[in-house]
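J.: Any chance you could fold what I've pasted below:
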Amino acid sequence: MKEILLDNYIQFTYDIDAKRKSISKEISLLHEKVANARDKYLSDKLDEEDYKEIKMLTKIQIEQLESELQQMVSESKELDIKTKIENALDSTENLVNLYQQGDLLTNRTIGCLIFPEKVEFDGKSLQTPKMNIVAQCIYQYNNELGNKKTDIRE
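T.: The predicted structure is shown next:
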C-alpha cells in the first residue's frame, strides 16, 4: 500500500519537478546569453549601451525565475508530503495494536477516523453511510491481496 501511495505521489509531483527543471534550464540559458553578450562586447561586435541593456534585462529575468524557483522549493519543503504519507501509513499499520491497547477515547477516535459520518445502531447492528476513503482503499487493497492468495493456492 505504501508503494502505491508513494508512486501516486511521484506521479503527482512529476509536473512540479519538470517545471523546476525547466526554470533551472531557462536560468542557465539566460546566464549563457549574458556571457555571449559579454564576449561580443569585448570583441567590439556590440556597443556598451546594448550590452548594459541586455545584461540588465537578463538580470531582471534571472531574478524573477530564481524567485519563482525558490518559492517552489520552499513550498515543497513546507508540504513534505512524502514524509507525511510515510508517517500516516506507518500509523495505519499499527492501528490494530493502537485499538487493542487503547482506552475508550483512543478507540472512539480511531472509529471516528475510519467512519467520519455518524454511526447508527438499529438495535441489532451498527451501520454507517460512509467510510473514510483511506480506510476504504486499505480495505479494498487487503481484500484484493486475500483473493490473490486464494487464487494462488488453487
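J.: pLDDT wise, what is Gly111 at?
T.: You'll see Gly111 listed with a pLDDT of 79.
J.: How much space separates the spatially closest residue to it that is not a sequence neighbour from Leu126?
T.: Leaving out its chain neighbours, the residue that sits closest to Gly111 by C-beta to C-beta, 6 or more residues apart in numbering is Val119, at 7.1 Å. Just so you know, the C-beta spots here come from the backbone N, C-alpha and C atoms, and that holds for glycine as well. Noted for Val119: a distance of 6 Å to Leu126, by C-beta to C-beta, to the nearest Å.
J.: same thing with Lys33?
T.: 68 Å.
J.: So the two - more neighbours on which side?
T.: Each of Lys33 and Leu126 has its neighbours counted (other C-beta atoms under 10 Å); Lys33 has more, 16 against 10.
J.: just checking, that one touches Leu57?
T.: No. Taking C-beta atoms under 8 Å as the definition, Lys33 is not a contact partner of Leu57, at 9.6 Å.
J.: For the protein, just list every one of the strands.
T.: Assigned by DSSP state E, the chain shows strands spanning 120-121, 126-127.
J.: Would you mind giving those as a markdown table with mean pLDDT added?
T.: Shown next, in a markdown table, are the strands of the chain (pLDDT from 0 to 100):
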| stretch | mean pLDDT |
| --- | --- |
| strand 120-121 | 74 |
| strand 126-127 | 72 |
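J.: out of the ones you listed, which comes closest to Ser91?
T.: strand 126-127 (23.6 Å; C-beta to C-beta).
J.: Report all helices and strands that the longest helix anywhere in the chain contacts.
T.: What stands out as the longest helix in the chain, according to DSSP state H, is helix 2-42. On a contact count with 3 or more C-beta pairs under 8 Å, 6 or more residues apart in numbering; DSSP states H and E, helix 2-42 meets helix 48-79, helix 81-93.
J.: Many thanks, we can stop here.
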